[in-house]
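[1] Just a sequence and a predicted model for now, questions to come.
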Amino acid sequence: SDSRADALAGADYLLRRMPGVGSLGVREGTRPMLCLLRAWEATGDGKYLDAARQYCDRSFIATQVMDWRRGTYICPLYENLRIISAGQDAMYADAVYKMYRLTGDLDQAQIVVAIADSVYAEAMLPQDQSLGDFIYYPRYGRNSWYFPQMAVLFCQAYDLTGDRRFLRAAR
């Protein structure tokens, strides 16, 4: 079909350019990784999977993105600001989780859990038990689209770990 040909042409363009590989920010790699994963699913051609893996290289993340002193996955949104960006990190983690589910690569699962731990530890504030243990992201209003994105992240982390704090946060 036309859409398949167009999608594969887009994936081939990504193969040639590999935009975002080596970037410290999650914005630059999330969508290319998803496109490449979908091309691999559609064709079974390993070149797409190999390229998608470059967007979630655990050794790169461990040396360039993790802040071991704080124990967090950080995102340098701006030149002088390195923070936990709950919504963007959750979006990236969703792509990494998809790769884990498609390949069974445990490195990818560990990246998802590291991101979830970071978001939970630094970007969330626990509420009183009487409010249903709802946890929120204080940077945005309660109607932000980040909330469902973070709920997905916490569900994925719960799936990978069985840690009930993630299930509580997702709820």
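    Cool, the structure landed.

[2] Check which helix or strand Gln156 maps to.
    Counting by DSSP states H and E, the element that carries Gln156 is helix 146-161.

[3] Please list the residues outside that helix that contact it.
    Helix 146-161 has contacts (Cβ atoms under 8 Å, 6 or more residues apart in numbering) with 86-87, 89-91, 93-94, 97, 100, 109, 112-113, 115-117, 119-120, 136-137, 140, 163-164, 166-167, 169-170. Every C-beta, even on glycine, is put in place using the N, C-alpha and C of the backbone.

[4] Of the residues you listed, which count as buried by neighbour count?
    86-87, 89-91, 93-94, 97, 100, 109, 112-113, 115-117, 119-120, 136-137, 163, 166, 169-170 (16 or more other Cβ atoms under 10 Å).

[5] Give me the below-cutoff pLDDT ranges for the chain.
    Of all residues in the chain, those with pLDDT under 70 make up the ranges 1, 68-82, 123-146.

[6] ok, which stretches of it are strands?
    Ranges of strands in the chain, per DSSP state E, are 66-67, 72-73, 75-78, 81-83, 125-126, 135-136.
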